[in-house]
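K.L.:
What would the 3D arrangement of this be:
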Amino acid sequence: MSAIRAGYKQTEVGVIPQDWDATYLRDCCSKITDGTHDTPKPVSAGIPFLTAIHVKDNWIDYDSCLYLTEADHEIIYKRCNPERNDVLMVNIGAGVATTALVVVDYEFSLKNVALLKPHRRKVCGPYLNYALGLRKTSITKDLSSGGAQPFLSLTQIGGILLQLPPTKAEQEAIAEVLSETDALVESLEQLLAKKCHLKQATMQELLTGKKRLPGFSENWEVVRLGDVAEIVMGQSPSSSNYNTKGVGLPLIQGNADIANRKTIRRIYTTEAPKVGKCGDILMSVRAPVGEISRAVFDVCLGRGVCAVRYANDFMYHCLISQEPSWAKLSKGSTFDSVNSVDVMALEISLPCDPTEQAAIATILSDMDAEIAELEAQLTKTRSLKQGAMQKLLTGEIRLL
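P.N.:
Below you'll find the model as predicted:
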């Protein structure tokens, strides 16, 4: 057992600074209650009515909520009156123990959601929300009833132990740092969504010829995929040749062997009836049909995929744009599938000038690279936030 460093102590919530307390949630709050368990008749406009599904990790979805009449709202609000800097906690259903901070000033009603009102003079609501978020996994493990419907009673919620800095000023400093990190995550998420939407719109324009790039004026033609590309249908090897030791070629059977539109190494085979080359476009031919990825190393093509080889990257982006169209071709009573005839018959709109194809592909590939960079930055920022929560909310790093 490792020694506890000077200035810290072991508690039921882990190692915390000597001047911090392990405190029951009921002692942090002036009120712990919950909203209605009934469902009043919703109306098209009125007072917002939020249920458990509207409380997400650290944010509240007001946009998709229901509405109540003022009369129905007043009955619920007399008992459960959420205000700015209160904390909401889902106490029933799949999202049990999920918390979010109230950051609006208008009134709303709740159903199947607990309301936690922190003692304003000694407990910071945002800190309370982050501390509960850090302990969510242990809360659901230790306190959920174990029935068919996950549930936390108000008594159980009040009995949750939290680590609490001695002053509200220190709590506020911790919450401010984490809030700034949340703001950075949110801005990256919004930018990523904007870039993805722009990419989709650009594909719609460039891959249909609706918008032409400067300097190109040759006609486009509609062709069959099998007439312009080499297609290699997959064939699964005998399972007796499978291994996880890296012997042979990675086997690509379907979505389990794909991540972020790229092949991953999961299962290997020493027998490879059909081989996909590094750089091949891969298309799933069994449910879900038509999903596109790229082979980033030589692979064995299982029967769930086929390889498409073409002279430039235009076809890769074009086939991605065609993914929704496969639903009308899929068939099979047990699972959806298409065969080589279906794949070869797929109609593609294609610029006659290969230079225009390459130019379009370059623009779309550059957008993909920008999106991938943003995704990596977002993943890193989320990881940094998680690390900051762990260190700040346990007092491993002190701000005051």
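
K.L.:
CA only for contacts and neighbour counts going forward, please
P.N.:
OK.

K.L.:
tell me the contacts of L116?
P.N.:
Counting by C-alpha atoms under 8 Å, 6 or more residues apart in numbering, L116 makes contact with C29, S30, K31, I32, T33, D86, V87, L88, M89.

K.L.:
Return the helix or strand in the protein with minimum mean pLDDT.
P.N.:
helix 136-143 (a mean of 78; mean pLDDT, DSSP states H and E).

K.L.:
outside of that helix, which residues touch it?
P.N.:
V96, A97, T98, L152, Q156, I160.

K.L.:
What of stretch 349-369?
P.N.:
195, 199, 202-203, 206-209, 213, 216, 218-223, 312-314, 317.

K.L.:
now do 6 Å
P.N.:
Stretch 349-369 has contacts (C-alpha atoms under 6 Å, 6 or more residues apart in numbering) with W220, E221, V222, D313, F314.

K.L.:
How is this structure divided into domains?
P.N.:
8-166, 219-352 (automatic domain parsing).

K.L.:
Could you export these as a markdown table, including distance to A175?
P.N.:
As requested, those are arranged in a markdown table below (distance: least, C-alpha to C-alpha, whole Å):
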| stretch | distance to A175 |
| --- | --- |
| domain 8-166 | 5 |
| domain 219-352 | 34 |
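
K.L.:
Tell me which of those domains sits nearest to V177.
P.N.:
domain 8-166 (10.4 Å; C-alpha to C-alpha).

K.L.:
Any idea how far the closest one is from the middle of the chain?
P.N.:
23 Å (C-alpha atoms, centre = their mean, to the nearest Å).

K.L.:
List just the one of the domains of the chain that sits closest to R382.
P.N.:
domain 8-166 (13.0 Å).

K.L.:
re the thing from before, in PyMOL, how would I select just the buried ones from the contacts of L116?
P.N.:
Command for PyMOL that selects the buried part of the contacts of L116, burial taken from 16 or more other C-alpha atoms under 10 Å:
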select buried, resi 29+31+32+33+86+87+88+89
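
K.L.:
Out of the contacts of L116, which sit inside strands?
P.N.:
Residues from those lying in strands, with DSSP state E as the criterion: C29, S30, K31, I32, T33, V87, L88, M89.

K.L.:
Serialize the residues you listed to a markdown table and add fields for pLDDT.
P.N.:
Shown next, in a markdown table, are the ones in strands among the contacts of L116 (pLDDT from 0 to 100):
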| residue | pLDDT |
| --- | --- |
| C29 | 97 |
| S30 | 97 |
| K31 | 97 |
| I32 | 97 |
| T33 | 97 |
| V87 | 98 |
| L88 | 98 |
| M89 | 97 |
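
K.L.:
Just the ones in helices from the contacts of helix 136-143, please.
P.N.:
Q156 (DSSP state H).

K.L.:
thinking again about what came up before, dump the contacts of L116 to TSV, plus distance to T11.
P.N.:
Putting the contacts of L116 into TSV (distance: C-alpha to C-alpha, whole Å) gives the following:
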residue	distance to T11
C29	21
S30	24
K31	25
I32	24
T33	27
D86	26
V87	24
L88	26
M89	24
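
K.L.:
what's the farthest-apart pair in the contacts of L116?
P.N.:
Taking C-alpha to C-alpha as the measure, those have their most distant pair in S30 and M89, spaced 15.4 Å apart.

K.L.:
State the helix or strand in which N81 lies.
P.N.:
Assigned by DSSP states H and E, N81 belongs to no helix or strand.

K.L.:
Now do the same for it: its pLDDT.
P.N.:
What the model reports for N81 is a pLDDT of 97.

K.L.:
for it, what are its contacts?
P.N.:
So N81 contacts nothing (C-alpha under 6 Å, 6+ apart).

K.L.:
how near is it to V102?
P.N.:
11 Å (C-alpha to C-alpha, to the nearest Å).

K.L.:
Also V338?
P.N.:
For V338, the distance to V102 - C-alpha to C-alpha - is 50 Å.

K.L.:
is it fair to say G215 lies in a strand?
P.N.:
No. Assigned with DSSP: H, G, I helix; E, B strand; the rest coil, G215 falls outside any strand and is coil.

K.L.:
Roughly how far does it sit from E356?
P.N.:
Counting by C-alpha to C-alpha - G215 and E356 are separated by 9 Å.

K.L.:
Compare those two and say which is more crowded by neighbours.
P.N.:
Taking neighbours as other C-alpha atoms under 10 Å, G215 and E356 compare with E356 leading, 20 against 7.

K.L.:
pretty sure the more buried one belongs to a helix, no?
P.N.:
Yes. Using three-state DSSP, the secondary structure at E356 is a helix.

K.L.:
Numbering from 44 from now on, please.
P.N.:
Sure, I'll start counting at 44 from here, so that last one is E399.

K.L.:
and the gap between it and D323?
P.N.:
21 Å.

K.L.:
now K237
P.N.:
For K237, the distance to D323 - C-alpha to C-alpha - is 29 Å.

K.L.:
Have a look at the two and say which one is more surrounded.
P.N.:
More crowded of K237 and D323, by other C-alpha under 10 Å: D323, with 23 against 13.

K.L.:
ok, the more buried one touching A338?
P.N.:
Yes. Between D323 and A338 a contact is recorded at 5.4 Å, counting by C-alpha atoms under 6 Å.

K.L.:
which residues are common contacts for those two?
P.N.:
With C-alpha under 6 Å, 6+ apart, D323 and A338 have no common neighbours.

K.L.:
Identify the residue nearest R255 in space, chain neighbours excluded?
P.N.:
L249 (6.6 Å; C-alpha to C-alpha, 6 or more residues apart in numbering).

K.L.:
same deal with I440?
P.N.:
I440 sits nearest to K434 (C-alpha to C-alpha, 6+ apart), 5.5 Å away.

K.L.:
List buried members of the contacts of helix 179-186 by neighbour count.
P.N.:
V139, A140, T141, L195, Q199, I203.

K.L.:
pLDDT score assigned to the third one?
P.N.:
T141 is assigned a pLDDT of 95 by the prediction.
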